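1. generate a structure from the sequence data that follows.
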Amino acid sequence: MSALETFLDETPGEVRGMVVRGGRFERLIIQRESDPPQHRLGARSVGRVTTVDAGLKGAFVDMAAGEPFGFLPLRKSDRVAVGDKVEVEVSAEPREHKGVTLSLIGAGEGEARLLRPGPTVAETLTRLAPGVEPRAGAAAMRASLEAEEEAMAPGALFAHLGVRLMVERTRALVAVDIDHAPTPGRDGRRDKTRANREGLAQAARLIRLKGWGGLVAVDLVGTGHDGAAILAAARAAFGDDPGVAFGPVNRFGVLMVSLPWRETPIEERLRGADGRPSLETRAVDAVRRLGVALADDTATPYLTLRCPPAVAPMAGALAARLGPRARVKADPALTGGVEIDEG
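-> Next up is the predicted model:
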């Protein structure tokens with residue numbers, strides 16, 4: 001892979017964009033046809049104020065997309081009342097069963113409605129990688145599956161760096177643990193410095209890939225760190241986003257970072273309330289795998305996707321958009337995965 005690549009996977013029911021930098025996945029953007037367009041990052045709408053909560057210093061806004069309503073933080077100078085029409089823009093997508101977070105554009109007119117959709121996946125890829133033409137087709141579908149696998153994993157081993165990384169999200173914060181395996185015969189202190197620098201870079205990458213924000217606690221290798229060097233490495237890793245804030249390394253060797261929330265976390269997009277892949281996720285994933293098989297095998301008259309009966313109706317409707325060679329069959333013998341047969 002080149003230094004910077006992008007992929008655009010337009011599987012029926014879902015569009016995904018992937019950014020790859022230096023051979024590693026940096027971003028995974030997912031937009032589903034079932035997403036309310038008013039909830040996408042950057043979407044602008046007219047909404048009606050339903051509640052003003054002085055304790056939360058904000059208001060809840062109905063944008064004709066159902067509940068939960070969007071939350072609009074208010075400054076002291078903002079004057080809104082229940083029933084007012086306001087023009088708002090999504091600054092953070094839904095997460096943790098909460099609605100979108102909004103920014104106030106100004107007074108609104110007319111009924112609650114979408115004024116302007118947020119950027120498409122293709123437009124987001126163009127912003128993140130200007131001048132890079134996205135790869136599509138089977139290559140993009142495979143990249144999509146690989147990116148999802150890494151985004152859903154809790155950690156990674158970077159053997160060539162001697163670094164093992166765990167990145168886990170709790171309700172309170174994101175915990176990052178950087179472990180280092182010393183190399184015999186090498187300068188241990190220098191190795192630890194390198195491990196922390198590389199560990200910070202990979203932790204920041206994985207957090208971006210997962211779509212996470214909030215408070216991040218990074219447990220560095222060793223103690224007695226050079227605070228200025230660690231801060232420089234953290235800034236290089238997490239970028240120059242003005243919404244990012246860094247704390248000093250404490251005496252326990254922990255660095256605190258605050259990241260802005262903007263996107264729905266990948267695991268919340270893909271999993272249901274029970275923590276398992278949702279029915280929609282399973283159906284789209286099955287159709288994506290069928291799409292790869294169809295691209296790889298252009299000689300067979302048609303391919304049949306066998307899937308669990310619960311998945312088959314949704315998968316069948318989506319697979320029909322792949323063309324006449326795609327077929328779907330419910331198989332009661334399958335409870336989890338899918339099978340693809342010739343003919």
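
2. when you work out contacts or count neighbours from here on, use the C-alpha atoms and nothing else.
-> Noted.

3. and the helices in the stretch 151-300 of the chain?
-> Using DSSP state H, counting those that start in this stretch, the helices of the stretch 151-300 of the chain run over 188-210, 227-238, 266-270, 279-296.

4. any chance of the ones you listed in CSV, with distance to E5 and mean neighbour count too?
-> Supplementary listing: these in CSV, determined by distance: least, Cα to Cα, whole Å; neighbours: other Cα atoms under 10 Å:
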stretch, distance to E5, mean neighbour count
helix 188-210, 15, 21
helix 227-238, 19, 16
helix 266-270, 20, 18
helix 279-296, 20, 21
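
5. need these in TSV with mean pLDDT and distance to L322, can you?
-> Below are the helices of the stretch 151-300 of the chain laid out as TSV (pLDDT from 0 to 100; distance: least, Cα to Cα, whole Å):
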stretch	mean pLDDT	distance to L322
helix 188-210	89	28
helix 227-238	94	39
helix 266-270	96	22
helix 279-296	97	7
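
6. dump the ones you listed to TSV, plus distance to L220.
-> Converted to TSV, these look like this (distance: least, Cα to Cα, whole Å):
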stretch	distance to L220
helix 188-210	6
helix 227-238	9
helix 266-270	26
helix 279-296	36
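
7. ok, which of those helices comes nearest L318?
-> The closest of those to L318 is helix 279-296. By Cα to Cα, the value is 6.9 Å.

8. okay, now the unreliable bits of the stretch 101-250 of the chain?
-> For the stretch 101-250 of the chain, the stretches with pLDDT under 70 are 159-161, 182-189.

9. name the nearest residue to the residue nearest the centre of the chain, sequence neighbours excluded.
-> Central residue of the chain (Cα atoms, centre = their mean): G211, 3.5 Å from the mean position. The spatially closest residue to G211, leaving aside those adjacent along the chain, is P265, at 4.7 Å (Cα to Cα, 6 or more residues apart in numbering).

10. domains for this structure, by residue range?
-> Domain ranges of the chain: 4-35+121-141, 41-116, 153-266, 271-342, per automatic domain parsing.

11. dump those into TSV; add distance to A147 as well.
-> Converted to TSV, these look like this (distance: least, Cα to Cα, whole Å):
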stretch	distance to A147
domain 4-35+121-141	6
domain 41-116	21
domain 153-266	8
domain 271-342	13
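
12. from E339, how far off is V328?
-> 10 Å (Cα to Cα, to the nearest Å).

13. got any residues that touch both of these two?
-> Common neighbours of V328 and E339 (criterion: Cα atoms under 8 Å, 6 or more residues apart in numbering): L305, R306, C307.

14. among the residues you listed, which are located in strands?
-> Those of those mapping onto strands are L305, R306, C307, per DSSP state E.

15. between these, which is closest to E168?
-> The closest of these, once distances to E168 are taken by Cα to Cα, is C307, at 31.6 Å.

16. and the gap between the closest one and E150?
-> Counting by Cα to Cα, the gap from C307 to E150 is 24 Å.

17. mind checking which of these two has more residues around it?
-> For C307 versus E150, neighbours defined as other Cα atoms under 10 Å are more numerous around C307 (27 against 16).

18. how many neighbours does the nearest residue to that one once chain neighbours are set aside have?
-> In this structure, C307 finds its nearest non-sequential neighbour in V338, 4.7 Å apart by Cα to Cα, 6+ apart. Residues near V338, counting by other Cα under 10 Å, number 20.

19. please apply the same query to S103.
-> By other Cα under 10 Å, 18 other residues sit near S103.

20. I'd say it and L72 touch.
-> Yes - shown here, S103 and L72 form a contact pair, counting by Cα atoms under 8 Å, at 6.1 Å.

21. on that earlier part again, is it correct that the residue nearest to C307 is in contact with V287?
-> No - taking contacts as Cα under 8 Å, V338 lies outside contact range of V287: 9.8 Å.

22. hang on, the earlier thing: measure the residue nearest to C307 to V311 for me?
-> From V338 to V311 the distance is 10 Å (Cα to Cα).

23. that older thread, more crowded one of V328 and E339?
-> V328 (24 against 15).

24. now that one. Nearest residue, chain neighbours left out?
-> V328 sits nearest to L305 (Cα to Cα, 6+ apart), 4.6 Å away.

25. partners of that neighbour in the sheet?
-> In this entry, L305 is beta-bridged to V328, I340, by DSSP bridges.

26. for the closest residue to V244 other than its chain neighbours, name its beta-bridge partners.
-> Excluding the flanking residues, the one nearest V244 by Cα to Cα, 6+ apart is L259, at 4.9 Å. Beta-bridge pairing for L259 (DSSP bridges): G214.
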